[in-house]
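K.L.:
How does the following fold in three dimensions:
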Amino acid sequence: MGEERAPGPSVRLRLTLSYAGFLVVAGALLLAVVWVFLLRYVPEDVRSGQGVPGGGAPPPPFIPSRSDLQRAFVPKAAGALVFLLVLGLLGGWVLAGRVLAPLTRITHATRLAAGGSLSHRIRLPGRRDEFRELADSFDAMLARLEGHVAAQERFAANASHELRTPLAITQTLLDVARGDPDGDTGELLDRLHAVNARAIELTEALLLLSRSDAATVVREDVDLSLLAEEATETLLPLAERRGVTVETSGDVAPAVGSPALLLQLTANLVQNAIVHNLPDGGAVWVTTAARPGTAVLTVENTGERLAAELVPTLTEPFRRGTGRIRTEAAGVGLGLAIVQNITAVHGGTLTIVSRAPGGLRVTVELPTPEQTHSR
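P.N.:
As a prediction, this is how the structure comes out:
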């Protein structure tokens, strides 16, 4: 644990003392200027002239000496310094309070956030200054944290629901088999195998999703065109079973990242495009391209038309097309969520748009080796 420190004077008190000290020093310097440039040139002892000869001369005029001026000046100067000290303390306390008022609001919001209230916002009024920028940055951070926590809560709830489903099905199958000892054991084993395979697939997808969030990714030069060909060849049997044609084309697209994660990204995109396609005669197009500073992977497919407002939700975990559909090859609903995480870890961008004829166009842009090394 860190060393405990005794509480020191508040910032407001230190600012007040600074203001008061500045005023006193400025007043002292002003009085010193008066002494240097005025009083020092007054003679120490000024004597009056001689009387007029021949009788009653008028009294000589009084000419103050340096001592006279000092006796008259020093008390007034001391009083002025005391006044400046009092004015500096009072005025400095008020000014420091006004200056630090935004900091008090920010501190209050910080304590609320530390207590778990992420919905509170500072919303500091006034012109844009350092405190306003700090408050706006803190509000933006709270908004991101609130969204992240909400997403994690939804993810945990959905994951629990998805993991509970195969377990509940398994329990039901076992209960039925226990109640019917003479039932078909082979059919029971087949169904249990299918349910268990789905649970394993979901668990592996969840583990991959958590690993794709890690920043410690081993990066090396990769070619997206080779990854696209490998993923397409692997998923070709699935495409043939579903009557979907897959075409791969494009140029060499050098990028930097983890070959395993980027291959998983490509495979997820191609599998998603095959599964969510037309019932018969569907098509998938996988293309790669090299642009200045960017390697581009694009996967397009035919399929039903999706509303524009639905497209941004497709990267949420457990979202499958128009809802939480459950088909034999629908997957576990984490494909695009994994793609988004892998893209973010590699410093890329993911763009999903709905095609006018139907289906989606998904574009992943990743930094090239030259772009990465220049950072």
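
K.L.:
quick one: Arg241 from Ile274, how far?
P.N.:
9 Å (CB to CB, to the nearest Å). Where you see a C-beta, it was placed from the backbone N, CA and C, and this is true even at glycine.

K.L.:
More neighbours: which of those two?
P.N.:
Just comparing Arg241 and Ile274: by other CB atoms under 10 Å the higher neighbour count belongs to Ile274, 25 against 10.

K.L.:
how about that one, what does it touch?
P.N.:
By CB atoms under 8 Å, 6 or more residues apart in numbering, the residues touching Ile274 are Leu235, Leu238, Ala239, Arg242, Val244, Val246, Gly282, Val284, Asn301.

K.L.:
Now that we have those residues, can you turn them into a markdown table and tack on neighbour count?
P.N.:
Listed next are the contacts of Ile274 as a markdown table, based on neighbours: other CB atoms under 10 Å:
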| residue | neighbour count |
| --- | --- |
| Leu235 | 20 |
| Leu238 | 15 |
| Ala239 | 21 |
| Arg242 | 15 |
| Val244 | 24 |
| Val246 | 22 |
| Gly282 | 22 |
| Val284 | 25 |
| Asn301 | 26 |
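
K.L.:
now the stretch 201-350 of the chain, which segments are flagged as low pLDDT?
P.N.:
201-202, 205-206, 208-217, 317-333 (pLDDT under 70).

K.L.:
still on that earlier bit, between the contacts of Ile274, which is nearest Phe22?
P.N.:
Comparing the contacts of Ile274 against Phe22 with CB to CB places Asn301 closest, at 71.1 Å.

K.L.:
mind listing the helices for the stretch 1-150 of the chain?
P.N.:
11-37, 66-114, 130-179 (DSSP state H, counting those that start in this stretch).

K.L.:
Dump the ones you listed to CSV, plus mean pLDDT and mean neighbour count.
P.N.:
Below are the helices of the stretch 1-150 of the chain laid out as CSV (pLDDT from 0 to 100; neighbours: other CB atoms under 10 Å):
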stretch, mean pLDDT, mean neighbour count
helix 11-37, 81, 15
helix 66-114, 82, 14
helix 130-179, 78, 13
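
K.L.:
Redo those helices as JSON lines? Include distance to Asp223.
P.N.:
Below are these laid out as JSON lines (distance: least, CB to CB, whole Å):
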{"stretch": "helix 11-37", "distance to Asp223": "57"}
{"stretch": "helix 66-114", "distance to Asp223": "45"}
{"stretch": "helix 130-179", "distance to Asp223": "33"}
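
K.L.:
Those: which one's closest to Gly257?
P.N.:
helix 130-179 (23.4 Å).

K.L.:
Please state the offset of the closest one from the chain centre?
P.N.:
Distance, stretch centre to chain centre, for helix 130-179: 19 Å (CA atoms, centre = their mean, to the nearest Å).

K.L.:
helices and strands around that helix, which ones?
P.N.:
The contact analysis (3 or more CB pairs under 8 Å, 6 or more residues apart in numbering; DSSP states H and E) places helix 130-179 against helix 66-114, helix 185-211.

K.L.:
residue contacts, Asp223?
P.N.:
Val252, Ala253, Pro254, Ala255.

K.L.:
same thing but 6 Å
P.N.:
Neighbouring residues of Asp223 by CB atoms under 6 Å, 6 or more residues apart in numbering: Val252, Pro254.

K.L.:
Distance check, it against Val286.
P.N.:
From Asp223 over to Val286 (counting by CB to CB), the distance is 14 Å.

K.L.:
Is it possible to get JSON lines of the contacts of Ile274 that adds distance to Leu263?
P.N.:
Listed next are these as JSON lines, based on distance: CB to CB, whole Å:
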{"residue": "Leu235", "distance to Leu263": "12"}
{"residue": "Leu238", "distance to Leu263": "16"}
{"residue": "Ala239", "distance to Leu263": "17"}
{"residue": "Arg242", "distance to Leu263": "22"}
{"residue": "Val244", "distance to Leu263": "20"}
{"residue": "Val246", "distance to Leu263": "16"}
{"residue": "Gly282", "distance to Leu263": "23"}
{"residue": "Val284", "distance to Leu263": "17"}
{"residue": "Asn301", "distance to Leu263": "19"}
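
K.L.:
and these as a markdown table, adding distance to Leu29 and secondary structure?
P.N.:
A markdown table is the format used below for these (distance: CB to CB, whole Å; DSSP: H, G, I helix; E, B strand; the rest coil):
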| residue | distance to Leu29 | secondary structure |
| --- | --- | --- |
| Leu235 | 83 | helix |
| Leu238 | 86 | helix |
| Ala239 | 87 | helix |
| Arg242 | 88 | coil |
| Val244 | 87 | strand |
| Val246 | 84 | strand |
| Gly282 | 86 | strand |
| Val284 | 82 | strand |
| Asn301 | 80 | strand |
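
K.L.:
so which of the residues you listed comes closest to Glu146?
P.N.:
In terms of CB to CB, no member of the contacts of Ile274 lies closer to Glu146 than Asn301, at 34.6 Å.

K.L.:
And for the closest one, nearest residue in space, chain neighbours not counted?
P.N.:
Ala273 (3.7 Å; CB to CB, 6 or more residues apart in numbering).

K.L.:
quick one: secondary structure of that neighbour?
P.N.:
helix (DSSP: H, G, I helix; E, B strand; the rest coil).

K.L.:
What residue, apart from its backbone neighbours, is nearest Leu124 spatially?
P.N.:
Ala135 (3.7 Å).

K.L.:
what's the one you found in contact with, if anything?
P.N.:
Ile106, Ile122, Leu124.

K.L.:
now do Trp285
P.N.:
Glu247, Glu300 are the contacts of Trp285 under CB under 6 Å, 6+ apart.
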